[in-house]
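A.B. asks: Any chance you can model this:
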Amino acid sequence: MRGEEAAAVVREVEALGRRAIAVGADVSREPDVDRLVADVTAALGPIDVLVSNAGIANPATIDTLDLARWDEAMAVNLRSAFLVSTRVIASMRARRWGRIIYITSTAAQTGGIVGPHYAASKAGLIGLMHGYASWLARDGITVNAVAPALIETDMTTASVNARADRIPVGRLGRVEEVAGLICEIAANGYITGQTFQVNGGLYMT
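C.D. replies: Numbers count the residues shown, from 1 in each chain. Below you'll find the model as predicted:
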């Protein structure tokens, strides 16, 4: 758990005059998800916007990939999105308003550099998004996905930075470029069932 970082974000939000809460949870586990949603709802009210961003990248090649890594990727990257979504959809439908945004990856379309398990789990998010979007549009709920490529964070490794020259714009993406797009999607009630690429031209459609 990254409690100190989460607490710092809460302080930043509160400094803007808004309310915030940090809740630690393993979102691949049903009891944790139930507690997470209950705590957030009790403190802040019904959840209007869900950004499902839990993810794990445990690199493996075709020769080294085993069932344990496969199951871990599916649990953290895909199962978690399903679990959290199921806990917020009923409330959104009752209020006839909601936004669900899944953070997938360019690897879903290209295979990526982490491994087949990672690419499959991220592609599964796009399928989950399409399924929910088609069912929930008439309930006032939009469901979309954002697919970043290589983004510069405090977890970015030297090997990832070295790949920047493969990106047509010549650099890694920035966190604020992904966050800004998420805010735009959440503000729009007419876009649903779409996957938005944030990849500097690495994958073009």
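
A.B. asks: So in this structure, where's the weakest helix or strand by average pLDDT?
C.D. replies: Lowest on mean pLDDT, DSSP states H and E among the helices and strands of the chain sits helix 158-161, with a mean of 64.

A.B. asks: Show me what the helix or strand following that one is packed up against.
C.D. replies: Heading C-terminal from helix 158-161, the first helix or strand you meet, by DSSP states H and E, is strand 173-174. With contacts defined as 3 or more Cβ pairs under 8 Å, 6 or more residues apart in numbering; DSSP states H and E, strand 173-174 has these neighbours: strand 151-152. Every C-beta, even on glycine, is put in place using the N, C-alpha and C of the backbone.

A.B. asks: Against which helices or strands is the strand it packs on packed?
C.D. replies: The contact analysis (3+ Cβ pairs under 8 Å, 6+ apart) places strand 151-152 against strand 173-174, helix 175-187.

A.B. asks: strand partners of that strand, parallel vs antiparallel please.
C.D. replies: Next to strand 151-152 in the sheet, as set by DSSP bridges, lie strand 173-174 (parallel).

A.B. asks: State the mean pLDDT of the partner strand.
C.D. replies: The pLDDT scores in strand 173-174 average 94.

A.B. asks: And the helices in the chain?
C.D. replies: Along the chain, counting by DSSP state H, helices occupy 3-15, 30-44, 67-73, 80-95, 107-110, 116-136, 158-161, 175-187.

A.B. asks: average pLDDT for the longest strand seen in the chain?
C.D. replies: When the chain is scanned for its longest strand (criterion: DSSP state E), the result is strand 141-148. Taken as a whole, strand 141-148 has a mean pLDDT of 98.

A.B. asks: Also compute the angle for it relative to helix 175-187, please.
C.D. replies: 160 degrees (axes from the mean of the first three to the mean of the last three Cα atoms, to 10 degrees).

A.B. asks: so strand 141-148 versus helix 80-95, what angle?
C.D. replies: 150 degrees.

A.B. asks: Could you tell me which strands sit next to strand 141-148 in the sheet, and their orientation?
C.D. replies: Using DSSP bridges, strand 141-148 pairs in its sheet with strand 98-103 (parallel), strand 195-198 (parallel).
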